[in-house]
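Q: after the sequence you'll find the predicted model.
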Amino acid sequence: MLVIAAMLIGAIVPAQTAINTRLRESVGSPIAAGFFSFIIGFAVSAILALIVTGDAIPDLALAAAQPWWVWLGGFMGVAFIVGNILLFPRIGSVETVILPILGQVTMGLIYDLTGLFESPLVPVGPLRILGALIVVGGIALVLEIGRGAATTRAQATGLSLWLWRVFGVLIGMGSATQTAVNGYLGGALHSPMPASVISLGVGVILLALLTLGWKAPRRALLSGIAPGPWWMWLGGVLGALFVVGGATLSPMIGTGTTVIGSLVGSIICGQVIESLGWGNAKRGLPPVHRIIGLVLVIIGVIMVRAL
């Protein structure tokens, strides 16, 4: 049952991206939309911390005594959320999910090899490398490399499309960094809850500075928010549940199992969203080669994380 819970947590990512993309339409700026999403996520995480630990405010003095890089989690979270908002209409739901996975897998192997950010050293054998190659092969099938036109409608084309795809891989690498940093901070603060509050709080501050200091998001914020469905405000709630849920499950079933379950959930939910025609996707069942590619990505992720 806990593995299913991990899959549900992973399914939050593409759902949150679709919701935040809708919020962006009403707000008029991805930065401003991310700002609202992070404010809501921060409030929800603080409430959850209060319920679980009895204190909504983390020990900032203890956090300040840690290495400087413990504050990077919030920066990486901002890059991931805002990046997904930008990617979703340009490359489609499925690619927005699987390209960051390639970045997560790659960066995860680097952390296992180097022990960066106090991560535990884990041997990287031939089967794990084979798993990474299988992920690459599966992604190539999904992206239809060498097959001509893509099956999903996207705003980006040509060189612009590939630059956005590279960006998707980079924010996935940042997401893996956020996981490593928040994991260390949670251990230092003796609970994952205050680490989640700090990570989301740093994100709120960064997005506030970007919103006020950058002309486009400031203008969008001052021009008002266009009416929209009530659920467009749920992205922040889902973001808080993702951060807190992952931090809670990891010590219960292990980080590897949690990551496997969440990535599989993200892949499946991303394909469902695209098949239903949300965003700029073409409604309908995916072609056979895409299904094969998604299965290969799942198999490769399991090999990388479990072997």
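A: Arrived safely. Numbering: from 1, shown residues only.

Q: and the worst-scoring helix or strand of the chain on mean pLDDT, how far out from the chain middle?
A: When the helices and strands of the chain are scored by mean pLDDT, DSSP states H and E, helix 255-275 comes last with a mean of 74. For helix 255-275, the gap between its own C-alpha mean and the chain's C-alpha mean amounts to 11 Å (Cα atoms, centre = their mean, to the nearest Å).

Q: I'd like to know which elements it is packed against.
A: helix 2-27, helix 93-114, helix 235-253, helix 288-306 (3 or more Cβ pairs under 8 Å, 6 or more residues apart in numbering; DSSP states H and E). For the C-beta atoms, the positions are set from N, CA and C on the backbone; glycine is no exception.

Q: list the buried residues for the first one?
A: For helix 2-27, the neighbour count (16 or more other Cβ atoms under 10 Å) marks 3, 5-7, 9-24, 26-27 as buried.

Q: tilt between the least confident helix or strand of the chain and helix 2-27?
A: Relative orientation of helix 255-275 versus helix 2-27 (axes from the mean of the first three to the mean of the last three Cα atoms, to 10 degrees): 50 degrees.

Q: need the CA coordinates for helix 255-275. PDB is fine.
A: Presented in PDB, the C-alpha positions along helix 255-275 are these (Å, rounded to 0.1, in the frame of the first residue of the first chain):
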ATOM      1  CA  THR A 255      14.400   6.400  -0.600                       C
ATOM      2  CA  GLY A 256      14.900   4.100  -3.500                       C
ATOM      3  CA  THR A 257      11.400   2.600  -3.300                       C
ATOM      4  CA  THR A 258       9.900   6.100  -2.800                       C
ATOM      5  CA  VAL A 259      11.700   7.400  -5.900                       C
ATOM      6  CA  ILE A 260      10.700   4.400  -8.000                       C
ATOM      7  CA  GLY A 261       7.000   4.700  -7.000                       C
ATOM      8  CA  SER A 262       6.900   8.400  -7.600                       C
ATOM      9  CA  LEU A 263       8.600   8.300 -10.900                       C
ATOM     10  CA  VAL A 264       6.300   5.500 -12.200                       C
ATOM     11  CA  GLY A 265       3.300   7.500 -10.900                       C
ATOM     12  CA  SER A 266       4.500  10.600 -12.700                       C
ATOM     13  CA  ILE A 267       4.900   8.800 -16.000                       C
ATOM     14  CA  ILE A 268       1.500   7.100 -15.900                       C
ATOM     15  CA  CYS A 269      -0.300  10.300 -14.800                       C
ATOM     16  CA  GLY A 270       1.500  12.400 -17.500                       C
ATOM     17  CA  GLN A 271       0.300  10.000 -20.200                       C
ATOM     18  CA  VAL A 272      -3.200  10.000 -18.900                       C
ATOM     19  CA  ILE A 273      -3.300  13.800 -18.800                       C
ATOM     20  CA  GLU A 274      -2.000  14.000 -22.400                       C
ATOM     21  CA  SER A 275      -4.400  11.300 -23.600                       C
END
